[in-house]
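J.: One predicted model, sequence on top.
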Amino acid sequence: MALTLAQKILAAHAAVPVSDVGLEAGRIVNCKVDLVLANDITAPLSIKAFRQMGAKEVFDKSRIALVMDHFTPQKDIASAEQVKGVREFAEEQAIAHYFEGGNAGVEHALLPELGMVGPGDLVVGADSHTCTYGGIGAFATGMGSTDIAAAMALGESWFKVPETIRVSFSGTLAPDVSGKDLILWTISQLGVDGARYKALEFDGPVIDAMSVEGRLTMANMAIEAGGKVGLFAADTSTLAYCKDAGRTNDAPLAPDPGAHYERRLSKDVTGLEPQIACPHLPENVRPVSELKSIAVNQVIIGSCTNGRITDLRAAAAVFAGRKVKKGLRCIVLPATPAVWMQALQEGLIETMLQAGCVLGPASCGPCLGGHLGILAAGERALATTNRNFKGRMGSLDSEVYLANPAVAAATAVAGVITHPAAL
Amino acid sequence: MKYTGKVLALGDHIDTDAIIPARFLISTDPAELGRHCMEGYDPNWLDKVTPGASVMVAGRNFGCGSSREHAPVAIVGAGIAVVIAHSFARIFYRNAFNMGLVPIEIGDAVSEFREGQEIEVNVDEGNITNTSTGKAIVFPPLPAGMRAILDAGGLAEFVRKRLAR
């Protein structure tokens, strides 16, 4: 049987060999997992469940990652207590990949950068944006803390084989249009539940030419269409990225010709404008030119969606020689310590500081309304993050718009939602 | 398993930030999380939940967004045992079983149930009766694997039994 990427990876990890019938969409497959992830919000519940299960040891102490990135640097006593509990668990279990403080970054930027995920891997994480690793060809999906506790104990989990929607992009991307715009366009077409329980597979000449970081941005938001995974084939760009991250022995990965797709979407991106998701759902997408005079109080540049070096380069290119609008706060959170260092060495940090940006630590921070940039009633933000649900970044009476980093920087300068070319 | 209660009606795409805003994720205690259930939707929503009014009936894609298990924990902590929806977001659906919260997906039949109506849910037989209108609907039995997790009282207990074997 010709297999989709999702079917191929699940088959390769099946705890007992599966037949073609067993790989049909809707079937349940028990699979061995390569990596199990949790963070400072979700790990405490996982640890509680792990104890309740009576588990004594994790299945493999080198295949668990615990990343303290959401309410860190610890924002209050309660979050410090949560991190402390996770740290003690990591010490007790001798978990190799525990990240806190100076070696921690936003989990989904950090793990690919460290070479902890590769093409064809099966990853489960107690975080919905675990799907990010689809950008390098890994079947990676979010689950709840107790499912993750079970995976930590057993090294396996159950998966329903998903249908796949294939999304193909052709044409030429305009300047200031990037992966973020393609995924926002995709979500606008599918709706926030259009890929519910399904896999997304992205391909086409635009994807072939896209950086791996751009693909990670796109895969990251598959969940915003309800998707279980957002998958990309592993090509020469992927292998080069993985090699730079210190990995060896990765191989190309592609879906089989003739694999079954439930639905196909295609888009010629020539002439596509930057896309903006308007409150309060990521599917409420409009081209930037349709949004007039929308003033914002805060701009956030960072997150597991758009906090990587290419994102900061795009933002800094707009900020060069310009100033953040008086009275607006523009908060930049490079997603990992390595991204921070790279941005510093390239002069991006200086450019952004001179523009009047606030530079913060590698943290999820305000994306989920945790800390480092919370909205008051009546305030409005534009962010490079992934969700604009009501109250997501603070008050129930605040608003969040989502956009790419270049548009975010232009908006910070103009004070209203703006295309960089219009500055 | 049988449940009776008044309907607490909700719309489409109720996200996990609405069910339990992130600022409350500094606790794993069901009672504490339950005190903030749906606070990101309506800060006064919990006032409607009483021992007699305890079945959520929602629209499409209930529980979309974050993987936070705190969402079903908060619902259970608020005294709600069953959520009926047109459809559920994938991660929430899995989490609900794992936390011992019964999720029932019934598609367009959600339109049969309105705020405040008395309903009776029979999970074993797979039917829901609206005792206010007399209308009854059926739903497919829960998958055996899922039912086993619910019967054990959630995934942690289910795995504990498996590990103890």
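T.: Alright, I've got the coordinates. Residues are numbered from 1 along each chain as shown, chains lettered A, B, ... in the order given.
J.: give me the element residue 158 is part of.
T.: If you meant another chain, say so; for now it's chain A. Using DSSP states H and E, A:Trp158 falls within strand A:156-160.
J.: My question was about chain B, not that one.
T.: Using DSSP H and E, B:Phe158 falls in helix B:155-164.
J.: Any idea how many residues pack against the residue nearest to B:Ile26 when sequence neighbours are not counted?
T.: Ranked by Cβ to Cβ, 6 or more residues apart in numbering or on different chains and with sequence neighbours excluded, the top spatial neighbour of B:Ile26 is A:Ala78, at 3.6 Å. In short, each C-beta sits where N, CA and C put it, glycine included. For A:Ala78, the neighbour count with other Cβ atoms under 10 Å in any protein chain shown is 13.
J.: Just confirm A:Ala78 contacts B:Leu25, I think it does.
T.: No. Assessed by Cβ atoms under 8 Å, A:Ala78 is found out of contact with B:Leu25, at 9.4 Å.
J.: re the thing from before, next up, identify which helix or strand the residue nearest to B:Ile26 is on.
T.: helix A:77-93.
J.: buried ones in that helix?
T.: A:Ser79, A:Ala80, A:Gln82, A:Val83, A:Gly85, A:Val86, A:Arg87, A:Phe89, A:Ala90, A:Gln93 (16 or more other Cβ atoms under 10 Å in any protein chain shown).
J.: Which ones, among these, also lie beside chain B?
T.: Contacts with chain B within these, counted by Cβ under 8 Å from any Cβ of the partner chain: A:Ser79, A:Gln82.
J.: Closest one of the buried residues of helix A:77-93 to chain B?
T.: Nearest to chain B among the buried residues of helix A:77-93: A:Ser79, at 5.2 Å, using Cβ to the nearest Cβ.
J.: The nearest residue in space to the closest one that is not next to it in sequence: neighbouring residues, count only.
T.: Leaving aside its chain neighbours, A:Ser79 sits nearest to A:Phe71 (3.7 Å; criterion: Cβ to Cβ, 6+ apart). Burial of A:Phe71 is recorded as 27 neighbouring residues (other Cβ under 10 Å).
J.: so A:Phe71 is in which element?
T.: Element membership for A:Phe71, per DSSP H and E: none, as it lies in no helix or strand.
J.: Now do the same contact list for it.
T.: A:Asp40, A:Ile41, A:Ser79, A:Gln82, A:Val83, A:Gly370, A:His371, B:Leu25, B:Ile26 (Cβ atoms under 8 Å, 6 or more residues apart in numbering or on different chains).
J.: Now the residue nearest in space to the middle of chain B: closest residue in space, sequence neighbours ignored.
T.: For chain B, the residue nearest the mean C-alpha position is B:Val83 (2.9 Å; Cα atoms, centre = their mean). In space, and not counting its chain neighbours, B:Val83 is closest to B:Met56: 4.4 Å by Cβ to Cβ, 6+ apart.
J.: For B:Phe113, give its distance to A:Glu113.
T.: 48 Å (Cβ to Cβ, to the nearest Å).
J.: go on, A:Lys61?
T.: For A:Lys61, the distance to A:Glu113 - Cβ to Cβ - is 21 Å.
J.: So the two - more neighbours on which side?
T.: With neighbours defined as other Cβ under 10 Å, A:Lys61 and A:Glu113 compare such that A:Glu113 has more, 23 against 14.
J.: Packing partners of the lowest-mean-pLDDT helix or strand in chain B?
T.: Among the helical and strand segments of chain B, the one scoring lowest on mean pLDDT, DSSP states H and E is helix B:144-152, with a mean of 86. Under the contact definition 3 or more Cβ pairs under 8 Å, 6 or more residues apart in numbering or on different chains; DSSP states H and E, helix B:144-152 sits against helix B:90-98, helix B:155-164.
J.: rank those helices by mean pLDDT and give me the bottom one.
T.: Note on those: lowest mean pLDDT is at helix B:155-164, with a mean of 89.
J.: ranges for the helices of the stretch 151-300 of chain A?
T.: For the stretch 151-300 of chain A, applying DSSP state H, counting those that start in this stretch gives helices covering A:179-190, A:205-209, A:212-220, A:236-244.
J.: Would you mind listing the buried residues in the shortest one?
T.: By neighbour count on 16+ other Cβ under 10 Å, the buried set for helix A:205-209 is A:Val206, A:Ile207.
J.: Distance from the chain centre to stretch A:275-295, please.
T.: 20 Å (Cα atoms, centre = their mean, to the nearest Å).
J.: can you tell me if that stretch touches chain B.
T.: Yes. Stretch A:275-295 reaches chain B (Cβ under 8 Å from any Cβ) through A:Leu281.
J.: residues of that stretch that come out buried?
T.: A:275-286, A:288, A:291, A:294.
J.: what do you get for stretch B:151-161?
T.: So for stretch B:151-161, counting by 16+ other Cβ under 10 Å, buried means B:Ala152, B:Gly154, B:Leu155, B:Ala156, B:Glu157, B:Phe158, B:Val159, B:Arg160.
J.: hang on, the earlier thing: which member of the contacts of A:Phe71 is positioned nearest A:Gly105?
T.: Closest approach to A:Gly105 among those (Cβ to Cβ): A:Asp40, at 12.8 Å.
J.: where's that closest one relative to A:Ala362, distance?
T.: For A:Asp40, the distance to A:Ala362 equals 13 Å [Cβ to Cβ].
J.: Need the residues touching each of the two.
T.: Counting by Cβ under 8 Å, 6+ apart, the shared contacts of A:Asp40 and A:Ala362 are A:Asp69.
J.: So these two - more neighbours on which side?
T.: When A:Asp40 is set against A:Ala362 and neighbours are counted by other Cβ under 10 Å, the residue ahead is A:Asp40, at 29 against 26.
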